[in-house]
Each structure stands twice: as C-alpha cells, then as structure tokens.
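**Student:** Next come a sequence and a model predicted from it.
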Amino acid sequence: MTNMFRALVLEEKDGKVVGAIRELADDALPQGDVTVAVEYSTLNYKDGLVLSGLGRLGRPYPHVPGINFAGTVEASSHAGYKAGDKVILTGWRVGEAHWGGYSTRARVKGDWLVKVPQGLDTRRAMAIGTAGFTSMLALMALEDRGLAPAAGEVLVTGAAGGVGSIAVALLAARGYTVAASTGRKETHDYLKALGAKTILDRAEIGAAPTRPLGAERFAGSIDSVGGDTLANVLTQMKYGASIASCGLAGGAELKTTVLPFLLRGINLLGIDSVMCPKPRRELAWARLAKELPKDALDSTISEVGLGDLSALASAILKGQVKGRTVVRPGS
C-alpha cells in the first residue's frame with residue numbers, strides 16, 4: 001500500500017506562483033537518507049518570499065516550501081539517526097531548492113539535521129525556528145567579539161518580528177540592557193514583557209543618517225532590517241562595538257561611509273544561518289534550549305495550519321506579523 005502525505009504545493013501558472021494543499025505519494029519525495037514525520041514548521045520572512053514567488057527562491061516547480069521543520073525520524077540510512085529520533089532542520093536551502101517543511105513528511109540529507117536538544121520539544125523548537133536560531137548565532141557572534149552585559153545598551157531592530165522577539169528575550173535573560181526598535185505601538189507591552197528596557201520608534205532609528213557619525217550610544221546591535229536602519233545604527237555605535245547583521249526587511253542597499261569603521265573601529269558581522277557548519281549549529285541549539293526562557297518563548301507563539309499561509313505570507317513581508325508563527329502541517 002502506498003503511503004500518502006499532505007503538503008502545500010507551489011506551482012507556476014501564467015507567470016504567477018500559486019499554492020494548493022495536496023495529498024501526495026511517498027515516491028514524490030526528493031532524495032535523501034532520512035525520512036521525517038513533520039510535526040511542526042514555522043513562518044519566516046524568507047518563507048513569505050517563497051510563498052509569494054518573489055526573488056525566484058523556490059525552484060523548480062512543483063515545490064513544497066517551508067525553510068525549517070521539526071519532527072520524528074521515520075526511516076534512516078544515515079549513521080547518525082535512527083527511527084524515533086526527534087530532529088530539527090533549518091537552512092541548507094531546504095524550502096528553496098529542496099522540498100521543505102510545509103508537509104506532513106519530508107526527506108532530506110541526514111547531515112542537514114540536528115537532534116532536538118534536551119529541554120526542548122518539537123513545537124518549541126519550531127517556535128524558535130530559523131529566526132530564533134539566527135538570533136542565537138547573532139548573539140554568539142557579538143559575544144565572540146567581546147560583548148558583555150556591562151558594556152552597555154544593546155539595540156535590537158525589527159524587535160517585534162521573529163528574529164527580534166527571540167533576540168530581545170535572549171539578551172534580557174543574559175542580563176543585557178535591551179533597547180527595542182519597532183514601528184508598532186501595539187507591541188510595546190509585548191516587547192517589555194520579553195525584557196526590553198527601552199522602546200525606540202522605528203521612524204527614529206530607520207531614517208537615513210544625516211551625518212556620518214552621531215553620538216555614541218549602543219554597545220552592540222542585532223539588526224534584522226538592513227537598509228537605512230543599519231546605516232543609521234552604524235553612526236550610533238560605541239567605540240569598538242559590533243553589529244550582527246542578519247536581515248534585509250528594510251532593503252538590501254547600505255548607504256554609509258567608512259568613517260564608523262575607521263574612526264570608531266566598528267565591526268559589522270554578517271550572520272548566515274543557511275550554511276552554518278554543524279558544530280556551531282549544535283552549540284547554538286544547545287544554548288537556546290538552556291538560555292531562552294520558556295515562558296518568554298511561549299508568549300511569542302501563534303499556531304496556524306497550511307491553509308492559513310497564503311494570507312500570512314503577505315503580512316510577514318509587510319512587517320505585520322508579531323512574534324513566532326508555528327505551522328502544524330497536519331491541521
């Protein structure tokens with residue numbers, strides 16, 4: 001008897017990308033040495049791009065999107081995994097060039113997986129997802145460059161989004177003084193509950209800088225916005241401080257000068273979660289399981305099914321999604 005699974009399938013019709021929920025046979029799954037029963041996925045900014053057919057990220061069609069998932073191994077020929085193992089997948093262009101997590105079953109290379117660390121279950125792992133994993137990589141990069149709570153205020157831009165929400169909670173839990181930038185007044189109480197001490201208006205932080213250097217304020221920053229926001233933040237960093245750059249919701253262009261780098265020794269650190277080596281992945285997930293307060297994480301979660309994703313894709317690209325959206329493919 002042929003096993004079937006449920007998936008959101010994207011196709012290109014008349015130059016437009018359209019999606020439909022379908023029942024597919026197991027032999028439709030792509031190649032890989034581990035088959036996973038997917039319990040949860042999540043919605044990230046990149047998922048919004050793929051679902052909307054923007055940037056030509058999800059190819060070839062037909063395509064199953066979803067850049068991350070967590071679930072239970074059903075079958076494995078990989079030495080590192082056996083049936084029953086709980087696993088996480090983020091990155092490796094899954095959900096872009098390889099079928100992803102908006103499905104009740106996935107088949108991938110075992111080398112792309114990590115085991116769910118002690119202290120997390122699959123739902124919370126996907127509440128963290130690619131966005132939270134990226135936040136931890138950003139924090140690790142800043143701390144590798146010497147950032148410590150005593151250094152001063154740390155700025156999180158796009159603070160009410162997926163990366164920002166987890167970044168605020170992580171930083172606050174480690175004793176940092178967090179300034180959170182957002183353009184949505186309705187999220188102020190939410191961000192303060194996550195641990196933000198100061199709320200800054202997006203219009204102030206996101207405006208193009210009027211001079212190459214401003215007053216020194218921030219000891220570090222996790223920036224998921226890019227564009228004019230990142231250019232402005234660069235002018236306000238303390239001497240020798242670092243910015244972890246991990247997003248481009250505000251644009252890919254960076255209009256700045258070399259003066260913050262030459263006169264203040266600022267470090268601009270690029271954060272890539274897609275091809276991150278496995279040892280650093282495992283370290284990041286272990287730290288997330290240990291350091292991210294579970295009550296703060298749970299407060300960020302909303303749960304949806306595959307049928308809700310089309311509308312949410314547009315909302316996340318417009319910056320209208322708060323916190324973490326967990327996707328349950330079976331519902």
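**Tutor:** Looks like it came in fine.
**Student:** May I have the host helix or strand of L155 as CSV, with CA atoms only?
**Tutor:** Remark: L155 resides in strand 153-156, with elements defined by DSSP states H and E. The C-alpha trace of strand 153-156 is given here as CSV (Å, rounded to 0.1, in the frame of the first residue of the first chain):
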residue,chain,number,x,y,z
GLU,A,153,22.8,49.2,25.9
VAL,A,154,22.2,46.6,23.1
LEU,A,155,19.9,47.6,20.3
VAL,A,156,17.5,45.1,18.6
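**Student:** For the following helix or strand past it, what does the pLDDT average out to?
**Tutor:** Under the assignment DSSP H and E, the closest C-terminal helix or strand after strand 153-156 is helix 162-173. When pLDDT is averaged over helix 162-173, the result is 96.
**Student:** Which positions in helix 162-173 come out as buried?
**Tutor:** Applying a neighbour-count criterion of 16 or more other CB atoms under 10 Å, one finds G162, V163, G164, S165, I166, A167, V168, A169, L170, L171, A172 buried in helix 162-173. All C-beta atoms are positioned from the backbone trio N, CA, C, and that covers glycine.
**Student:** quick one, what contacts the fourth one?
**Tutor:** Which is S165. A131, A159, L191, L194, T300, K322, G323, R324 (CB atoms under 8 Å, 6 or more residues apart in numbering).
**Student:** Torsion angles phi and psi at the fourth one?
**Tutor:** Reported as degrees, to the nearest 10, the phi and psi values for L194 are phi -80, psi -20.
**Student:** ok, it touching A167?
**Tutor:** No. Counting by CB atoms under 8 Å, A167 is not a contact partner of L194; they are 9.2 Å apart.
**Student:** thinking again about what came up before, please name every helix or strand in contact with the strand holding L155.
**Tutor:** helix 162-173, strand 177-182, strand 218-223 (3 or more CB pairs under 8 Å, 6 or more residues apart in numbering; DSSP states H and E).
**Student:** Ok, which of these comes nearest D272?
**Tutor:** For the helices and strands packed on strand 153-156, proximity to D272 was assessed by CB to CB; helix 162-173 is nearest, at 13.3 Å.
**Student:** what's the angle from that closest one to strand 177-182?
**Tutor:** Using axes from the mean of the first three to the mean of the last three CA atoms, to 10 degrees, the direction of helix 162-173 lies 160 degrees away from that of strand 177-182.
**Student:** Format the CA atom coordinates belonging to helix 162-173 as PDB.
**Tutor:** Only the C-alpha atoms of helix 162-173 are listed here, as PDB (Å, rounded to 0.1, in the frame of the first residue of the first chain):
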ATOM      1  CA  GLY A 162      10.600  36.600  14.700                       C
ATOM      2  CA  VAL A 163      14.400  37.300  14.900                       C
ATOM      3  CA  GLY A 164      13.800  40.400  17.100                       C
ATOM      4  CA  SER A 165      11.500  38.800  19.600                       C
ATOM      5  CA  ILE A 166      13.800  35.900  20.300                       C
ATOM      6  CA  ALA A 167      16.800  38.300  20.400                       C
ATOM      7  CA  VAL A 168      15.200  40.600  23.000                       C
ATOM      8  CA  ALA A 169      14.300  37.600  25.200                       C
ATOM      9  CA  LEU A 170      17.800  36.000  24.900                       C
ATOM     10  CA  LEU A 171      19.600  39.300  25.600                       C
ATOM     11  CA  ALA A 172      17.400  40.100  28.600                       C
ATOM     12  CA  ALA A 173      17.800  36.600  30.000                       C
END
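**Student:** re the thing from before, columns distance to G146 on top of the helices and strands packed on strand 153-156, output as CSV?
**Tutor:** Formatted as CSV, the helices and strands packed on strand 153-156 follow (distance: least, CB to CB, whole Å):
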stretch, distance to G146
helix 162-173, 15
strand 177-182, 16
strand 218-223, 9
